[in-house]
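Colleague: model this:
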Amino acid sequence: MKNIKKHIKDVPDFPKKGIIFKDITPLLLEPAALGKVIDAWVKDLKKFKINKVVAMESRGFLFGVPVALKLKAGFVPVRKPGKLPRKTISQSFSLEYGKDKLEMHRDAIKSGDRVLIIDDVLATGGTAEAVTKLVEKLGGKVKSLAFLMELSFLNGRDKLKGYDVRAHIKY
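Modeller: Reported below is the predicted structural model:
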């Protein structure tokens, strides 16, 4: 995975001054590199016998769908309020400056489903923690959380204690 890191580009002062944004679009432009990322996840996660892959909008979708296909699992989108067309459940969570909320269809997860949560980055862990709560409200069992990259200096793993957490790249 060391070669994958070269496809992640730093963008200083985005989205605001002082932030160094990790841009994954160069990785998305390289089918061989992107394929290695997807294949590595599938190889690592097959043992969990996942039957649902849950991903957060929007970059999580880019990884969640191909992983779900290769694991022969269903794909569950998690979105911001008002974006899903049927009955939903929601979970609020804290951000650095305020609160946010995520939603999932009520019928997306069944009791006992074996769930993988996948996203592009683990930062503070608030979003991932909220998604674990959504899955568990519906009776799903979170088997693993997988991220392309982890910003370890933000201590996001602290909010995910007790879960299997994986990241291809750590900063």
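
Colleague: For residue 1, give me the pLDDT.
Modeller: On pLDDT, residue 1 comes in at 67.

Colleague: er, residue 12 actually
Modeller: 96.

Colleague: Give the burial count for it, as a bare number.
Modeller: Residue 12 has 9 neighbouring residues, counting by other C-beta atoms under 10 Å. C-beta: built from backbone N, CA, C; applies to glycine.

Colleague: what do you get for the one 3 residues further on?
Modeller: The number of residues packed around residue 15, counting by other C-beta under 10 Å, is 7.

Colleague: Could you confirm it falls within a helix?
Modeller: No. Residue 15 is assigned coil when assessed by DSSP: H, G, I helix; E, B strand; the rest coil, not a helix.

Colleague: Torsion angles phi and psi at it?
Modeller: As for residue 15, its main-chain torsions (degrees, to the nearest 10) stand at phi -80, psi -10.

Colleague: That one against residue 21, yeah?
Modeller: Yes. Residue 15 is in contact with residue 21 according to C-beta atoms under 8 Å; the separation is 6.8 Å.

Colleague: Tell me the helices and strands packed up against the helix or strand residue 39 falls within.
Modeller: Residue 39 belongs to helix 31-45 when assigned by DSSP states H and E. Contacts defined by 3 or more C-beta pairs under 8 Å, 6 or more residues apart in numbering; DSSP states H and E place helix 31-45 against helix 2-5, helix 25-28, helix 59-71, strand 141-150, strand 165-170.

Colleague: among the ones you listed, which is nearest residue 39?
Modeller: helix 59-71 (7.7 Å; C-beta to C-beta).

Colleague: Check which helices and strands that closest one sits against.
Modeller: helix 31-45, strand 52-56, strand 74-78, strand 114-122.

Colleague: export these to TSV and tack on mean pLDDT, mean neighbour count and distance to residue 139?
Modeller: Below are the helices and strands packed on helix 59-71 laid out as TSV (pLDDT from 0 to 100; neighbours: other C-beta atoms under 10 Å; distance: least, C-beta to C-beta, whole Å):
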stretch	mean pLDDT	mean neighbour count	distance to residue 139
helix 31-45	97	15	21
strand 52-56	98	25	11
strand 74-78	98	21	13
strand 114-122	97	25	10
